[in-house]
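*Asks:* When you get a sec, could you give me coordinates for this:
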Amino acid sequence: MMSVTANDKVELLAPAGNMEKLEIALHYGADAVYLSGKDFSLRNFSGNFTLEEMRTAIDLAHARGAKVYVAINIFARNEELQRIQRYLHELKAITPDGIIAADPAVIDLAHRIAPSIPIHLSTQANTTNAAAARFWQQSGVQRVNVARELTLAEIGAIARSCSLQIEAFVHGAMCISYSGRCLLSNFMARRPANQGMCCQPCRFQYTVMEETRPGQFFPLAEDERGTYLFNSRDLCMLDHIPALIKNGIHAFKIEGRMKSIHYAATTIKTYREAIDRYYEAPERYDILPYWREELSKIANRDYCTGFYFDDPTQTLPLYQSPEPSHFPMIAKVLSTTGPTHVYVDVRNQIRTGDTIEIVRPKGPPVEDTILGIIDGNGKKVDVAHPGTRATLGLRTDCQPLDLMRRMACANH
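*Replies:* Next up is the predicted model:
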């Protein structure tokens, strides 16, 4: 067994779009989370945090031995800079573990206003070569999230050329535009992507119209629902953790501040187990079959390895809409009321007799059966509805923040 301290391991960096997602990320094993305030990030529609919520989030993460990085990764306009200065003064008082930025003006302001907070360079800065990495290092940046367009060999060369921490995305949605610098959203919906308001036009369905036949729309013959010209597949590097680590990547980043807690729990738990398994015995590292099964149970656009191995077949668009998950999340455990009774927040309909899976922080999901339901009024019922809370009788135990999902065979 390899003797490794927690500080020596690659960092698992998870999205936290709101307080609930942050709690889930910590519960399922994230070493660090990235989040943002109500302004100045590229995910303005993910809920995000007030300053007081951010203070609470930092305290909660630090109590669990985890870190919090705050994104200020917009490309700022002149009229925003004064507000960003005020915001940086506020962040200085609550001391997050890092600030994620791409705009040189924001980086300069952060250095001057909050010099004790490390600067992490966003992937939006599209760092594609070693000289650029050294430039940012000389500018006081401590970590760089390298451009998504790089191969693993190119990332390794950058890592060897400087002492910056190298961060890279390992899982989640990929933007069809170069390092996320998209103007389609600006053009089509007047929602600037680089100010955090992307409407994701790359996921729209497109058809062709001939100019002399207005109103007649012709599909581009990919499928009957339309053609997804720009629709990239989802990244998944689970099989390649040893290669990522050997090429000097310091932090594995999971995309998805706007995605569900089911997505967060499943991806974080899977990568946490994989990373830990690697460090237990690097020379014998292998993939446990249920890890792939777990990742298939969350909605995805088919998985690929992106640009990492310079394989053009891995960056072909996905020409159909993603299938919904056939294992819907049905509840989040709030507390235990006995050895096999749990009080839950109901997210999808639950019936007595349902076969479910309990997603715990470690190990395969545990199959169980709903033996009984007691509603919020203390009445025994056969069905619990979304938006309510209920006590469930089970065969096994749970802990707060564990998630439950319905088995695919359950008929509702």
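*Asks:* remind me, longest helix of the protein?
*Replies:* The residue-count maximum for a helix in the chain (DSSP state H) belongs to helix 261-280.
*Asks:* Dihedrals phi and psi, the residue of the chain most remote from its centre?
*Replies:* Farthest-out residue of the chain from its mean C-alpha position, per CA atoms, centre = their mean: residue 212, at 45.1 Å. When read as degrees, to the nearest 10, the backbone of residue 212 gives phi -90, psi 0.
*Asks:* between the longest strand belonging to the chain and helix 261-280, how big is the angle?
*Replies:* Assignment by DSSP state E gives strand 329-338 as the longest strand of the chain. Comparing the axes of strand 329-338 and helix 261-280 via axes from the mean of the first three to the mean of the last three CA atoms, to 10 degrees yields an angle of 70 degrees.
*Asks:* Would you map out the domains in this protein?
*Replies:* For the chain, automatic domain parsing gives the domain ranges 6-177+232-315, 329-406.
*Asks:* Where among the ones you listed is average confidence lowest?
*Replies:* Of all these, mean pLDDT reaches its minimum on domain 6-177+232-315 (a mean of 93).
*Asks:* returning to that earlier point: make a markdown table from the domains of the chain and add distance to residue 216 to it.
*Replies:* In this view, the C-beta of every residue, glycine as well, is placed from N, C-alpha and C. Formatted as a markdown table, the domains of the chain follow (distance: least, CB to CB, whole Å):
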| stretch | distance to residue 216 |
| --- | --- |
| domain 6-177+232-315 | 27 |
| domain 329-406 | 41 |
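*Asks:* Of those domains, flag the one that's most buried.
*Replies:* domain 6-177+232-315 (a mean of 19; mean count of other CB atoms under 10 Å).
*Asks:* any idea how far residue 363 is from residue 357?
*Replies:* 12 Å (CB to CB, to the nearest Å).
*Asks:* And residue 125, by the same measure?
*Replies:* On the measure of CB to CB, residue 125 and residue 363 end up 39 Å apart.
*Asks:* With residue 214 instead?
*Replies:* Distance from residue 214 to residue 363, counting by CB to CB: 59 Å.
*Asks:* what's the answer for residue 404, then?
*Replies:* Residue 404 sits 15 Å away from residue 363, going by CB to CB.
*Asks:* do the same with residue 381
*Replies:* Counting by CB to CB, the gap from residue 381 to residue 363 is 31 Å.
*Asks:* Can you classify the closest residue to residue 94 other than its chain neighbours as helix, strand or coil?
*Replies:* Distance criterion CB to CB, 6 or more residues apart in numbering; nearest residue to residue 94, sequence neighbours excluded, is residue 55 at 4.7 Å. Put simply, residue 55 is helix when judged by DSSP: H, G, I helix; E, B strand; the rest coil.
*Asks:* ok, now which ones touch residue 407?
*Replies:* Residue 407 is in contact with 327, 354, 355, 356, 357, 367, counting by CB atoms under 8 Å, 6 or more residues apart in numbering.
*Asks:* what comes into contact with stretch 332-352?
*Replies:* The contact list for stretch 332-352 (CB under 8 Å, 6+ apart) reads 261, 328-331, 370-373, 382-404, 406, 412.
*Asks:* Now do the contacts for residue 33.
*Replies:* Applying CB under 8 Å, 6+ apart, we find residue 33 in contact with 13-16, 22, 25-26, 57, 61, 66-69.
*Asks:* coming back round to it: reformat the contacts of residue 407 as JSON lines; add secondary structure and distance to residue 118.
*Replies:* JSON lines is the format used below for the contacts of residue 407 (DSSP: H, G, I helix; E, B strand; the rest coil; distance: CB to CB, whole Å):
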{"residue": "327", "secondary structure": "coil", "distance to residue 118": "38"}
{"residue": "354", "secondary structure": "coil", "distance to residue 118": "47"}
{"residue": "355", "secondary structure": "strand", "distance to residue 118": "47"}
{"residue": "356", "secondary structure": "strand", "distance to residue 118": "42"}
{"residue": "357", "secondary structure": "strand", "distance to residue 118": "39"}
{"residue": "367", "secondary structure": "strand", "distance to residue 118": "44"}
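*Asks:* those strands in the stretch 151-300 of the chain, which residues are they?
*Replies:* All strands of the stretch 151-300 of the chain, identified by DSSP state E, counting those that start in this stretch, fall at 165-172, 208-209, 217-218, 234-236, 249-254.
*Asks:* Is it possible to get a markdown table of the ones you listed that adds distance to residue 152?
*Replies:* Formatted as a markdown table, those follow (distance: least, CB to CB, whole Å):
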| stretch | distance to residue 152 |
| --- | --- |
| strand 165-172 | 9 |
| strand 208-209 | 37 |
| strand 217-218 | 40 |
| strand 234-236 | 12 |
| strand 249-254 | 9 |
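*Asks:* of those strands, which approaches residue 89 most closely?
*Replies:* In terms of CB to CB, the element of the strands of the stretch 151-300 of the chain nearest to residue 89 is strand 165-172, at 25.8 Å.
*Asks:* Remind me what the closest one packs against, helices and strands.
*Replies:* Strand 165-172 is packed against strand 143-145, helix 152-161, strand 234-236, strand 249-254, helix 261-280, with contacts defined by 3 or more CB pairs under 8 Å, 6 or more residues apart in numbering; DSSP states H and E.
*Asks:* Would you mind giving the ones you listed as TSV with distance to residue 306 added?
*Replies:* Below are these laid out as TSV (distance: least, CB to CB, whole Å):
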stretch	distance to residue 306
strand 143-145	14
helix 152-161	10
strand 234-236	5
strand 249-254	13
helix 261-280	15
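*Asks:* looking at the ones you listed, which is closest to residue 315?
*Replies:* Nearest to residue 315 among these is strand 234-236 (10.2 Å), distances taken as CB to CB.
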